[in-house]
Each structure stands twice: as structure tokens, then as C-alpha cells.
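Engineer: Build the 3D model from these lines:
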Amino acid sequence: MENTLIVVVVIGLTAVVLFVFPLMSLSERNDDISQLALQTVTNDLVDKVRTTGKLTQSDWTQFIASASSGGLIVEPEITLQILDENPGVKTTQTEITKIGENTYYVLYTAQVEDELAKNNQIVLKEGDRVVVSVKNTNQTIADLLRSFFYSLAGNDASQIAAQDSGIVTVNGNR
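Structural biologist: Predicted coordinates for the structure are as follows:
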């Protein structure tokens with residue numbers, strides 16, 4: 001009787017070692033590839049906006065489509081910090097080139113999407129800032145396996161996410 005119990009336990013452990021751990025490793029690698037692809041797409045969008053001074057509707061749509069490829073359901077966010085062209089009205093300092101004296105107003109994702117729907121592009125100028133972040137909202141196979149096996153050890157929920165930001169280097173109205 002004792003030998004039968006030991007054999008069952010050994011077969012169970014063997015099944016876990018031979019099938020589950022390789023599946024976990026493969027799914028983790030798939031998440032790493034998705035993370036890298038998402039970061040690359042995010043960097044490409046920010047670099048394009050920084051170097052052209054424009055965000056177009058087609059760029060934003062292509063970014064969302066590229067970020068969603070591979071079965072990810074993503075939640076993109078963009079923030080445009082627009083350098084105020086007339087800070088002298090609001091402050092006593094009228095020199096715009098002083099560090100720490102610049103005033104920005106912010107456009108968030110909903111406002112950016114509304115502006116893109118109306119005008120098909122947003123023209124930025126040198127000194128404006130762009131911040132793009134995107135995160136995965138659905139559970140991947142690695143997340144499911146991790147939550148199943150690590151449920152006793154705690155929730156190690158890693159999310160596939162990417163963020164990049166930069167300062168616009170050219171005026172977009174050229």
C-alpha cells in the first residue's frame with residue numbers, strides 16, 4: 001500500500017516537472033516577447049512625434065493596432081504637455097528660456113483623441129513634451145499559470161506594459 005502511494009506521488013511530480021514547468025517557461029518567454037514588442041512600438045511613436053512635431057490620427061491608430069497585435073487587449077494613454085506661448089501674462093518673468101519658469105498646459109488621452117478626430121493631427125512645437133504609456137488588460141497564459149501555482153505564495157501579477165516620453169525637438173508647422 002505504501003509503495004502504491006509513493007508511485008502515485010512520483011508520477012504526479014514527474015507530470016508537473018515534464019509538462020507544467022516547460023509550459024510556464026514558454027508562456028513567460030511569450031510574455032517577454034510581447035513586452036519587448038510593446039516597448040518598441042511605444043518608443044517608435046514617441047520618437048516619431050518628437051522628431052516631426054506632429055501627432056496624426058493615422059499614427060495614433062497604427063500605434064493602437066500594433067500594440068494590440070499578438071492577442072493583447074491594451075489600454076493606451078497619451079499626455080501632451082504644451083508649452084504656454086505667453087507665460088509673461090501669468091508670471092512676472094517674461095523670458096521663456098529660463099529653466100523652471102516655463103508653464104505647460106496638458107492634454108490627456110480623451111482630449112487628444114477628440115482633437116485628432118476633429119483636425120486629423122496635432123501640431124506641436126519645440127519644447128513640448130509627449131508621454132505615452134500602454135498596458136495589457138487581459139490575462140495571458142503565464143498570468144493564469146502564475147496565479148494558479150503561486151496562489152499560496154501571494155499574487156505575483158506582472159502586467160505587460162510600456163512607457164516612453166520625450167521633448168519635441170522641432171516645430172511641427174514646417
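
Engineer: remind me which residues of this protein are low pLDDT?
Structural biologist: 1, 85-101, 151-158, 174 (pLDDT under 70).

Engineer: In it, which residue is most central in space?
Structural biologist: Val134 (2.5 Å; C-alpha atoms, centre = their mean).

Engineer: Pull out the buried residues from the helix or strand harbouring that residue.
Structural biologist: Val134 belongs to strand 129-136 when assigned by DSSP states H and E. Within strand 129-136, the residues that count as buried by 16 or more other C-beta atoms under 10 Å are 129-130, 132-136. C-beta: built from backbone N, CA, C; applies to glycine.

Engineer: Roughly how far does the closest residue to Ser69 other than its chain neighbours sit from Asp143?
Structural biologist: The shortest distance from Ser69 to any non-neighbouring residue, by C-beta to C-beta, 6 or more residues apart in numbering, is to Ala37 (7.7 Å). For Ala37, the distance to Asp143 equals 17 Å [C-beta to C-beta, to the nearest Å].

Engineer: Return the set of buried residues in the longest strand belonging to the chain.
Structural biologist: In the chain, assigned by DSSP state E, the strand with the most residues is strand 74-83. Under the neighbour-count criterion of 16+ other C-beta under 10 Å, strand 74-83 has 74, 76, 78-83 buried.

Engineer: hmm, who's touching that strand?
Structural biologist: 38, 55, 60, 63-64, 67-68, 96, 102-109, 112, 122, 124-125, 127-137 (C-beta atoms under 8 Å, 6 or more residues apart in numbering).

Engineer: now with 6 Å?
Structural biologist: 64, 67-68, 102, 104-109, 112, 127-137 (C-beta atoms under 6 Å, 6 or more residues apart in numbering).

Engineer: Stretch 161-170 too?
Structural biologist: Contacts for stretch 161-170 (C-beta under 6 Å, 6+ apart): 38-39, 42-43, 46, 50, 53, 124, 126, 128-135.

Engineer: If we go by neighbour counts, what in stretch 36-47 is buried?
Structural biologist: Under 16+ other C-beta under 10 Å, the buried positions of stretch 36-47 are 37-39, 41-42, 45-46.
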